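Novice: Quick check, what structure comes out for this input:
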Amino acid sequence: MLKMNSYSAGWIHSYTAADQDNAAQAFGWVEKLSWMAVRALVGLASWNEKRRIAAELMSMDDRQLADIGLVRTDIDRVASGKYEDVRHAAKPVFDGRYTPEQRLAA
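Specialist: Sure, this is the predicted structure:
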């Protein structure tokens with residue numbers, strides 16, 4: 001609602017409760033839109049980083065990949081962050097509860 005200020009020739013805007021609710025709803029949409037934009041930018045940056053890592057690893061030959069402990073089939077998992085090197089995982093140490101044969105079978 002607009003009111004004329006008695007001591008100036010200009011218009012001032014006085015907010016009613018309905019105006020404040022409308023402003024809050026408008027700000028809610030702006031906030032949602034900004035969060036969607038942030039998530040999109042973060043997703044785009046993450047995708048680009050994965051693509052860059054995969055391209056760099058694909059440019060290596062098999063000998064270079066073997067030097068860093070990878071094979072060509074590991075590249076997708078490494079780029080996506082889901083790579084876990086199970087070939088070099090620590091074996092349980094003999095602590096007296098198992099015989100050496102049981103430990104080797106594990």
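Novice: Look at Asp36 and say how many residues are nearby.
Specialist: One thing to correct before we go on: residue 36 is Met, not Asp. 10 (other C-beta atoms under 10 Å). (C-beta placed from N, C-alpha, C; glycine too.)
Novice: Please report how far it lies from Lys50.
Specialist: 21 Å (C-beta to C-beta, to the nearest Å).
Novice: cool, Gly69 as well?
Specialist: 20 Å.
Novice: Which one's more surrounded, these two?
Specialist: Neighbour count, other C-beta under 10 Å: between Gly69 and Lys50, Lys50 has more, with 15 against 10.
Novice: can you tell me the helix or strand for that one?
Specialist: Using DSSP states H and E, Lys50 maps to helix 17-58.
Novice: Let me know the average pLDDT across that helix.
Specialist: The average pLDDT within helix 17-58 is 85.
Novice: List the contacts of Glu31.
Specialist: If a contact means C-beta atoms under 8 Å, 6 or more residues apart in numbering, then Glu31 has no contacts.
Novice: same thing with Arg39?
Specialist: Contacts of Arg39 (C-beta under 8 Å, 6+ apart): none.
Novice: and what of the one 4 residues further on?
Specialist: Taking C-beta under 8 Å, 6+ apart, we find Gly43 in contact with no residue.
Novice: and if you look at Ser34?
Specialist: Counting by C-beta under 8 Å, 6+ apart, Ser34 has no contacts.
Novice: cool, Asp85 as well?
Specialist: Gly69.
Novice: How is it assigned, secondary-structure-wise?
Specialist: Following DSSP: H, G, I helix; E, B strand; the rest coil, the label given to Asp85 is coil.
Novice: if we can go back for a sec, following the helix holding Lys50, which helix or strand comes up?
Specialist: As assigned by DSSP H and E, the chain's next helix or strand after helix 17-58 is helix 62-67.
Novice: Looking at that following helix now, give me its mean pLDDT.
Specialist: Averaged over helix 62-67, pLDDT sits at 93.
Novice: Give me the buried stretch members for that helix, please.
Specialist: Residues of helix 62-67 classed as buried: Leu65 (neighbour count, 16 or more other C-beta atoms under 10 Å).
Novice: For it, C-alpha coordinates in PDB please.
Specialist: The C-alpha trace of helix 62-67 is given here as PDB (Å, rounded to 0.1, in the frame of the first residue of the first chain):
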ATOM      1  CA  ASP A  62      49.900 -49.400 -20.300                       C
ATOM      2  CA  ARG A  63      53.500 -49.300 -18.900                       C
ATOM      3  CA  GLN A  64      52.900 -45.800 -17.300                       C
ATOM      4  CA  LEU A  65      49.600 -47.000 -15.800                       C
ATOM      5  CA  ALA A  66      51.300 -50.100 -14.400                       C
ATOM      6  CA  ASP A  67      54.000 -47.800 -12.900                       C
END
